[in-house]
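K.L.:
here is a sequence with its predicted model. Questions after.
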Amino acid sequence: MMRATTIVAVRRDGRTAMAGDGQVTIDDTVVKSSAQKVRDMRDGEVITGYAGAAADALALFERLEEKLDEYNGNLPRAALELAKQWRTDKVLRQLEALLLVADEEDMFLISGTGDLIVPDDDVMAMGSGGGYATAAAKALLRNTQMGAREIAETALRIAGEICVYTNDRITVLEVPPEDEGS
């Protein structure tokens, strides 16, 4: 299990939001509280988040960007090819991270063991607070009219109240970007 972070993605009404906390923990010590664990790619068409080792995740982000370019922004194909490459490449297999990636239509969790997981519904989360964030986001989706961005942020705040490896310094990204879809 990847500890020391929580990333959650939510889709509602044609918008997908991804939120990540900012806490970086080494063993039982918080060493940074304002890390940026979510980022966009392809001019905001794809949003990504990571759990695990930051340097490993950044290397994987670069590979994902290459795959997105190679497959003309086709996220399902790029994610599949990254999962295959990550699983079979001796160097990449050593990387300790998980990626959560999404665009307007698709959402995937990608791991170095070859996992390419598609959620059953419009929520996916990972990291030490992932279970808490998933539960909160599902409850908010079912029982409120909140938008994707507000649900993702609120779910992460709830997870941060429970998980000691998750804080309330939250970054939220959304596709399509706010200026395009609002």
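P.N.:
Looks like it came in fine.

K.L.:
touching, Leu75 and Leu68? I think so.
P.N.:
Yes. Counting by Cβ atoms under 8 Å, Leu75 touches Leu68, with 7.0 Å between them. For every residue, glycine as well, the C-beta is placed using N, CA and C.

K.L.:
now the common contact residues for these two.
P.N.:
Val46 (Cβ atoms under 8 Å, 6 or more residues apart in numbering).

K.L.:
could I get the full set of strands for this structure?
P.N.:
For the chain, the strands defined by DSSP state E cover 6-12, 15-20, 24-26, 29-32, 38-41, 46-52, 97-102, 107-111, 116-117, 123-127, 171-175.

K.L.:
tilt between the second one and strand 46-52?
P.N.:
Interaxial angle, strand 15-20 versus strand 46-52 (axes from the mean of the first three to the mean of the last three Cα atoms, to 10 degrees): 30 degrees.

K.L.:
would you turn the strands of the chain into TSV with mean pLDDT and distance to Leu64?
P.N.:
Formatted as TSV, the strands of the chain follow (pLDDT from 0 to 100; distance: least, Cβ to Cβ, whole Å):
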stretch	mean pLDDT	distance to Leu64
strand 6-12	97	15
strand 15-20	98	14
strand 24-26	85	21
strand 29-32	88	24
strand 38-41	96	7
strand 46-52	93	7
strand 97-102	93	7
strand 107-111	94	8
strand 116-117	95	12
strand 123-127	96	15
strand 171-175	97	15
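
K.L.:
look up how far Lys90 lies from Val101.
P.N.:
Per Cβ to Cβ, to the nearest Å, Val101 is found 23 Å from Lys90.

K.L.:
the two: which is more packed in?
P.N.:
Comparing Val101 with Lys90 by other Cβ atoms under 10 Å, the one with more neighbours is Val101, at 28 against 6.

K.L.:
that one contacts Ala79, doesn't it?
P.N.:
Yes. Using Cβ under 8 Å, Val101 is in contact with Ala79, at 5.9 Å.

K.L.:
anything in contact with each of the two?
P.N.:
64, 108, 110.

K.L.:
what's near enough to touch the second one?
P.N.:
Shown in contact with Phe108 (Cβ under 8 Å, 6+ apart): 75-76, 79, 100-102, 116-118.

K.L.:
the same query, at a cut-off of 10 Å, please.
P.N.:
Taking Cβ atoms under 10 Å, 6 or more residues apart in numbering as the criterion, Phe108 is in contact with 9, 48, 75-76, 78-80, 82-83, 99-102, 115-119, 124.
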